[in-house]
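Undergrad: Sequence first, then the predicted structure:
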Amino acid sequence: MTAFYDIHFAYSCIIRLYCIYLFLTSLEYIYLLPQFSNGGIFSWKIMKLSVHPHIGRSGIGFLFNKAGFSAIVFTRLVLSICLFAAPLQPLAVYPLAILTATSLLLALRNSIGNDGTDQMSMIISITLFITFASGDPKIAAIGLYFIAAQSILAYVIAGIAKGLSPKWRSGQAVFQIMNTETYGYEKIATFLQRSHPLAGRLLSWNILVFEIFYFLVIFLPYPYFLLLMIWGILFHLFNAFVMGLNHFFWVFLATYPAIIYANMALHHYLH
């Protein structure tokens, strides 16, 4: 674990995990490319109605037709492979700059349906670019602290939001999610429907406790903080296999090296 206290090693892990996320999302976009043509459900003719009129009429529209969108996606695919192979190369700042630009373009192109994965991806991308562009070890350390803080805040805020909901506190929310067409899983929904209400409450409070108290991952000493991280990995694996939220797994896993670095830096300072 002490290897994560090395800034270079931590960034190497973050970039490689983030590249897996980029690679998988790029493949999914490639599979959906026909839907981004003029006759597809994600046609720019339709999607530009959701952005500011000046943007919709601007000259960057050529980037958002099928040909331009394909170029963006394939660029991300190629760069994800290159960075995975050599994450700390001196010229990494250039592919990171391009990836940041393509992330901004994708956020503009797909302004509907973005979620926490897209936001965390943007945070990682911009932070990596600023860090590599500065070349300053102090900025690099701040970048790791920032990624760690953003990841922890994402968990805690999500937990607090759920805790304020009576349906989450009662356990009804888990059943209702499992009973949906998009994110549901019929076997789990059937099990919860036929089981004692305590089963739903246990699943619900398992998530609530994990998310609300995830901030302790910074303060707990080794090896106890690893229990929260393993809890998080299992949480995202469940969401990936059951709910199809595989993007969340890789993009949040990419923040874990920063969290480990922040934890070790804090305890090194205290001792």
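TA: That came through, no problem.

Undergrad: can I assume residue 100 is in contact with residue 129?
TA: Yes - when contacts are counted by C-beta atoms under 8 Å, residue 100 is listed as touching residue 129 (4.6 Å). No exception for glycine: its C-beta is placed from N, CA and C like everyone else's.

Undergrad: Tell me which of these two has more neighbours.
TA: Set side by side, residue 100 and residue 129 show more neighbours around residue 129, with 22 against 19, by other C-beta atoms under 10 Å.

Undergrad: hey, C-alpha coordinates of the helix or strand hosting the more buried one in PDB?
TA: Using DSSP states H and E, residue 129 maps to helix 116-134. What follows is helix 116-134, C-alpha atoms only, in PDB (Å, rounded to 0.1, in the frame of the first residue of the first chain):
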ATOM      1  CA  GLY A 116     -22.800  11.200 -11.900                       C
ATOM      2  CA  THR A 117     -20.500   9.100 -14.100                       C
ATOM      3  CA  ASP A 118     -20.200  11.900 -16.700                       C
ATOM      4  CA  GLN A 119     -19.600  14.500 -14.000                       C
ATOM      5  CA  MET A 120     -16.900  12.400 -12.300                       C
ATOM      6  CA  SER A 121     -15.300  11.700 -15.600                       C
ATOM      7  CA  MET A 122     -15.100  15.400 -16.400                       C
ATOM      8  CA  ILE A 123     -13.600  16.100 -13.000                       C
ATOM      9  CA  ILE A 124     -10.900  13.400 -13.500                       C
ATOM     10  CA  SER A 125     -10.100  14.500 -17.100                       C
ATOM     11  CA  ILE A 126      -9.700  18.200 -16.200                       C
ATOM     12  CA  THR A 127      -7.700  17.500 -13.100                       C
ATOM     13  CA  LEU A 128      -5.300  15.300 -14.900                       C
ATOM     14  CA  PHE A 129      -4.800  17.800 -17.700                       C
ATOM     15  CA  ILE A 130      -4.100  20.700 -15.200                       C
ATOM     16  CA  THR A 131      -1.800  18.500 -13.200                       C
ATOM     17  CA  PHE A 132       0.300  17.400 -16.200                       C
ATOM     18  CA  ALA A 133       0.200  20.900 -17.800                       C
ATOM     19  CA  SER A 134       1.600  22.500 -14.600                       C
END
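
Undergrad: State the number of residues packed around the nearest residue to residue 253 once chain neighbours are set aside.
TA: Nearest in space to residue 253, with sequence neighbours left out and distances taken as C-beta to C-beta, 6 or more residues apart in numbering, is residue 17 at 5.3 Å. When neighbours are defined as other C-beta under 10 Å, residue 17 has 21 of them.

Undergrad: what angle do the helix or strand containing residue 17 and helix 116-134 make?
TA: Under the criterion of DSSP H and E, residue 17 resides in helix 7-31. Angle of helix 7-31 versus helix 116-134, following axes from the mean of the first three to the mean of the last three C-alpha atoms, to 10 degrees, is 130 degrees.

Undergrad: Tell me the gap between helix 7-31 and the middle of its chain.
TA: Here helix 7-31 shows a centroid-to-chain-centroid distance of 10 Å under the convention C-alpha atoms, centre = their mean, to the nearest Å.

Undergrad: Then stretch 1-10?
TA: 21 Å.

Undergrad: what about that stretch, how long is it end to end?
TA: 11 Å (C-alpha to C-alpha, to the nearest Å).

Undergrad: Name the residues that touch that stretch?
TA: 13, 88, 137, 140-141, 144, 222-223, 257-258, 260-261, 264-265, 268 (C-beta atoms under 8 Å, 6 or more residues apart in numbering).

Undergrad: for stretch 139-153, same thing?
TA: So stretch 139-153 is contacted by 7, 10-11, 14, 120, 123-124, 127-128, 130-131, 134, 214-215, 217-218, 252, 255-259, 261-262, 265 (C-beta under 8 Å, 6+ apart).
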